[in-house]
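A.B. asks: pasting the sequence and the predicted coordinates here, then a few questions.
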Amino acid sequence: MKPAAAHGLLLSSLCLALCCRGGARGSPTSDSHEWKKLIMVHHWPVTVCKEVEKDCRDPPDYWTIHGLWPDRAEECNGSWPFHFEEIKDLLPEMKVYWPDVIHPLNHSHFWKHEWEKHGTCAAQLDALNSQKKYFGGSLGLYEKLELNSILQKLGIKPSLNYYQISDIKDALASMYGVVPKVQCLPPKQGEEVQTIGQIELCFTKDLRLRNCTEPGELGESGRAWGPGLEVCEDGPAFYPPPPQSTR
């Protein structure tokens, strides 16, 4: 299948993924919290462990969900707390695809944070206007985007050799039809290159894939989505294998 045809098919599947998950509830979010795009954030667990400088045990060897984030809006409704019971039937998928990599025994704290900071803003959309729909819709997008499979098909795998960031972005753009954003940890003292940590794919409010930064749009090169992450600089980058792969 040609990339253009695959892109059209992907858009249809993504819309279906969101429409078919979750129960309805009117969004009580404030009109004062305006945002323009949704950012589907995947993170690489091996880098997450390095980023927080903790000895994570057996991080997943696949890209997991960090969150589904509206840009330029956070904590839109403090009166809409997280209720674990509302997502109980999503738990089998949540634990696999949206784990708390740093605190694997207490996933719910991570999910509570994601809902209160980002979900209450995303709930401005009917397709995401309940906790079940927000988490279920995010899982649906993750599954339909198939980032892990796409990277494998492109031959982009964890390796002790370095990748060029431009090559990764161009390869992903050829599959998705839009330009993603790739975030890295800058090299620490004694390290040669930056380390790949997150890949973001962006959506319009009607849930269509879009470039993460459009021509003429103010960039976010200085904005970090994690304690030490920055938008990757053009040039070489390390895509670290899981620890057991380097032994």
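C.D. replies: On my side now, so go ahead.
A.B. asks: CA only for contacts and neighbour counts going forward, please
C.D. replies: OK.
A.B. asks: how about whichever helix or strand Ser174 is part of as PDB, C-alpha atoms only?
C.D. replies: Taking DSSP states H and E as the definition, one finds Ser174 inside helix 165-176. Extracted in PDB, the C-alpha atoms of helix 165-176 (Å, rounded to 0.1, in the frame of the first residue of the first chain):
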ATOM      1  CA  ILE A 165      17.200  12.700  13.900                       C
ATOM      2  CA  SER A 166      16.300  14.000  10.400                       C
ATOM      3  CA  ASP A 167      16.200  10.500   9.100                       C
ATOM      4  CA  ILE A 168      13.800   9.400  11.800                       C
ATOM      5  CA  LYS A 169      11.500  12.400  11.300                       C
ATOM      6  CA  ASP A 170      11.500  12.000   7.500                       C
ATOM      7  CA  ALA A 171      10.800   8.200   7.800                       C
ATOM      8  CA  LEU A 172       7.800   8.800  10.100                       C
ATOM      9  CA  ALA A 173       6.500  11.600   8.000                       C
ATOM     10  CA  SER A 174       6.500   9.300   5.000                       C
ATOM     11  CA  MET A 175       4.200   6.800   6.900                       C
ATOM     12  CA  TYR A 176       1.900   9.200   8.700                       C
END
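A.B. asks: flag the shaky bits of the protein, pLDDT-wise.
C.D. replies: Under the criterion pLDDT under 70, the flagged ranges of the chain are 1-33, 54-55, 215-227, 244-247.
A.B. asks: all strands of it, in order?
C.D. replies: 38-43, 64-70, 162-164, 181-185, 194-203, 209-210, 230-231, 236-238 (DSSP state E).
A.B. asks: nearest to Pro104, of those?
C.D. replies: Pro104 lies closest, by C-alpha to C-alpha, to one member of those: strand 64-70, at 12.9 Å.
A.B. asks: thanks again, I'm all set now.
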